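Peer 1: coords please:
(one chain, ligands or ions: 2)
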Amino acid sequence: MDQVYIEDISKYVGQEVTVKGWLYNKRSSGKIRFLLIRDGTSFIQAVLSESDVPNKIFQLYDKLTQESSLIVKGVVRKEERSPGGYELSLKDIKIVQIAEEYPITPKPHGITFLMDHRHLWFRSSRQHSILRVRSEVIKACRNYLDERGYVLIDSPILTPAACEGTTTLFETDYFGEKVFLTQSGQLYLEPAAMALGKVYCFGPTFRAEKSKTRRHLLEFWMVEPEVAYAELDDIMELAEDFVSEIVQQVLRTKSKELQSLGRDLRALEKIKPPFPRISYDEAMEILKNKGIDFSWGGDFGAPEEDTISQCFELPVMIHRYPIQVKAFYMEPDPQRPEVALCVDMIAPEGYGEIIGGGQRTASHDYLLKRIKEENLPQEAFRWYLDIRKYGSVPHSGFGMGIERVVAWLCGLEHLREAIPYPRMLYRIYP
Ligand code: 4AD
Ligand code: MG
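Peer 2: Residues are numbered from 1 along each chain as shown. Ligands and ions are numbered 1, 2, ... in the order given. The predicted model follows:
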């Protein structure tokens, strides 16, 4: 295939190349016709002039509709005024298909319309940037953990019990048995950490969130490291280093995409350890000073998180929440058993919680007591309790939601654009 990708076009100045792609937009000016062509890697302006091509090629301009597929041949020229800095002087055009009237035109469209056409909306430059950043965030997460000796352990999707509370379970039928789509791989990672020391899982997770918010998806992707012998402070250190490295890698490789999204890069350049760490009680003080009425024992929602995050330029780690607002597996603080050795990381600029995690209880009897208190099916957790019988040790981990991080880095209002095919309340198509 003699095809050249537009992202590599600078290597071919002065040469005739073939580009295979789609028509993004077109315009004419006097005797010259401009085709804006995209091939997935980038965009290039192709110039069609009557004097350079046979008339029957020149006439094709009129036939070409938005998103028609085409293969063009042309000579690459450096052209400062052209978007991207290069231009193609066209010699030939082969139409692969004339597209029917394309529903997404360059004029603005409403969000419902765009979501209904998500499968086509991908073709716009804004979505290219977001999807590339997402791909890089995932690569950065995996690089970070792989390079540090974490073993990837794939956790199951079909599970017999809840990890993060029974109110957000998606139920499905397992040949007559009621099972659920996983809410988190954590319970399956803890045994793996006892076997392999440092492990992680990465995959889709599911929450039947019955409320419509801009920060909740029903299906989202989570990366979850889990470390044997790690305590709360160790995992907070890991979390801040992990997040910083991801942000810096994305800045190194995807600053062009972030800029095209209008993101303020300076805010992201500051994301380096150490991150501020405050206790739940200190966070309550902040809320009180800001005139927000909040009583001890409740969980922070979006308004509280946003108020707290406004006080910091870096992600803030809030630790030691009341036991009752956190999951059953949390280790209580030995100094203050009414709080859990847990941590949530809240992104700056109002992007909400990006990480949740902490230290898991190492005690068999305490875990069993918590399972009973939460009315969880004891039988389904028998294997999980085993981990506390055979060489139980302190261990900790966290989960980071990929879409929340992508939304933060790209500066997106809503998580729906941070995942290729969002699953939301009342939305299963496309
Ligand atoms: O705080 P969560 O519920 O923690 C857990 O699931 C732990 N078991 C993880 C662990 O310790 N291994 O979820 C972790 C993160 C949140 O901080 C958030 O980034 C993301 O997952 N998240 C969601 N993202 C999008 N839509 C939702 N409905 C989300 N729920 C959680
Ligand atoms: Mg959480």
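Peer 1: who in the stretch 101-250 of the chain is up against ligand 1?
Peer 2: Cys163, Glu164, Ser184, Gln186, Arg207, Glu209, His216, Leu217, Phe220, Met222, Glu224 (Cβ under 6 Å from any ligand atom). (C-beta placed from N, C-alpha, C; glycine too.)
Peer 1: Stretch 283-303 near ligand 1 at all?
Peer 2: No. Contact of stretch 283-303 with ligand 1 (Cβ under 6 Å from any ligand atom) is absent, the minimum separation being 10.6 Å.
Peer 1: buried set for that stretch?
Peer 2: Ala283, Met284, Ile286, Leu287, Phe294, Phe300 (16 or more other Cβ atoms under 10 Å).
Peer 1: isn't the second one right up against Trp296?
Peer 2: In other words, Met284. Yes. Met284 is in contact with Trp296 according to Cβ atoms under 8 Å; the separation is 6.6 Å.
Peer 1: Tell me the confidence at Cys163?
Peer 2: At Cys163, the model reports a pLDDT of 89.
Peer 1: same question but for Met1, I mixed them up
Peer 2: pLDDT, read off for Met1, is 56.
Peer 1: Do a quick rundown of the strands in the stretch 151-300 of the chain.
Peer 2: In the stretch 151-300 of the chain, the strands defined using DSSP state E, counting those that start in this stretch lie at 151-152, 158-159, 171-174, 177-181, 198-206, 219-228, 277-279.
Peer 1: Average pLDDT for the fifth one, rounded please.
Peer 2: The average pLDDT within strand 198-206 is 98.
Peer 1: And the contacts of it?
Peer 2: The list of residues contacting strand 198-206 from outside it, by Cβ atoms under 8 Å, 6 or more residues apart in numbering, reads 138, 141-142, 145, 148-155, 157, 170, 181-185, 188-189, 192-193, 218-228, 399.
Peer 1: what's the span of stretch 217-233 from first residue to last?
Peer 2: 30 Å (Cα to Cα, to the nearest Å).
Peer 1: Buried ones in that stretch, by neighbour count?
Peer 2: For stretch 217-233, a neighbour-count test (16+ other Cβ under 10 Å) marks 217-228, 230, 232 as buried.
Peer 1: quick one: low-confidence ranges for the stretch 201-350 of the chain?
Peer 2: For the stretch 201-350 of the chain, no stretch has pLDDT under 70.
Peer 1: by contact count, what packs against the biggest strand by length in the chain?
Peer 2: Counting residues, the longest strand found in the chain (DSSP state E) is strand 16-29. Where contact means 3 or more Cβ pairs under 8 Å, 6 or more residues apart in numbering; DSSP states H and E, strand 16-29 is packed against strand 32-38, strand 43-49, strand 69-78, strand 86-97.
Peer 1: With adjacent residues omitted, what lies nearest to Lys372?
Peer 2: Gln378 (6.9 Å; Cβ to Cβ, 6 or more residues apart in numbering).
Peer 1: List the residues that contact that neighbour.
Peer 2: Leu368, Ile371, Lys372.
Peer 1: Among these, which one sits closest to Asn55?
Peer 2: Nearest to Asn55 among the contacts of Gln378 is Ile371, at 79.4 Å by Cβ to Cβ.
Peer 1: That closest one contacts Glu379, correct?
Peer 2: No. Between Ile371 and Glu379 there is no contact under Cβ under 8 Å: 10.3 Å.
Peer 1: so where do the helices sit in the stretch 301-430 of the chain?
Peer 2: Taking DSSP state H, counting those that start in this stretch as the test, the helices found in the stretch 301-430 of the chain are 302-309, 364-373, 382-386, 402-410.
Peer 1: Can you say which of these is packed in most?
Peer 2: With neighbours taken as mean count of other Cβ atoms under 10 Å, the helices of the stretch 301-430 of the chain reach their highest mean count in helix 402-410, at a mean of 25.
Peer 1: Touching, Arg215 and Gly301? I think so.
Peer 2: No. If you go by Cβ under 8 Å, Arg215 and Gly301 don't touch, sitting 10.1 Å apart.
Peer 1: For burial, what's the neighbour tally of the closest residue in space to Val343 that isn't next to it in sequence?
Peer 2: Of all residues not flanking Val343 in the chain, His319 sits nearest, at 4.5 Å (Cβ to Cβ, 6+ apart). By other Cβ atoms under 10 Å, the residues close to His319 number 23.
Peer 1: which bits of the stretch 301-430 of the chain sit near ligand 1?
Peer 2: 353-357, 397-401, 403-404, 415.
Peer 1: Off-centre distance for the lengthiest helix in the chain?
Peer 2: Criterion DSSP state H: the longest helix present in the chain is helix 232-260. Relative to its chain's centre, helix 232-260 lies at 12 Å (Cα atoms, centre = their mean, to the nearest Å).
Peer 1: Output the contacting helices and strands for that helix.
Peer 2: Applying 3+ Cβ pairs under 8 Å, 6+ apart, one finds that helix 232-260 contacts helix 125-147, strand 219-228, helix 265-269, strand 316-319, strand 342-347, strand 352-360, strand 395-401, helix 402-410.
Peer 1: Show me what counts as buried in the first one.
Peer 2: For helix 125-147, burial by neighbour count (16+ other Cβ under 10 Å) applies to 127-134, 136-138, 140-141, 144-145.
Peer 1: contact partners of that helix?
Peer 2: In contact with helix 125-147 (Cβ under 8 Å, 6+ apart) are residues 38, 43, 121-122, 152, 200, 202, 221, 223, 225, 242, 245-246, 249-250, 253-254, 257-258, 260-261, 400, 402-403, 405-406, 409-410, 412, 417-420.
Peer 1: Make a PyMOL selection of the buried ones in these.
Peer 2: Only the buried entries of the contacts of helix 125-147 go into this PyMOL selection, using 16+ other Cβ under 10 Å:
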select buried, resi 38+43+121+200+202+221+223+225+242+245+246+249+250+254+257+258+260+261+400+402+403+405+406+409+410+412+417+418+419
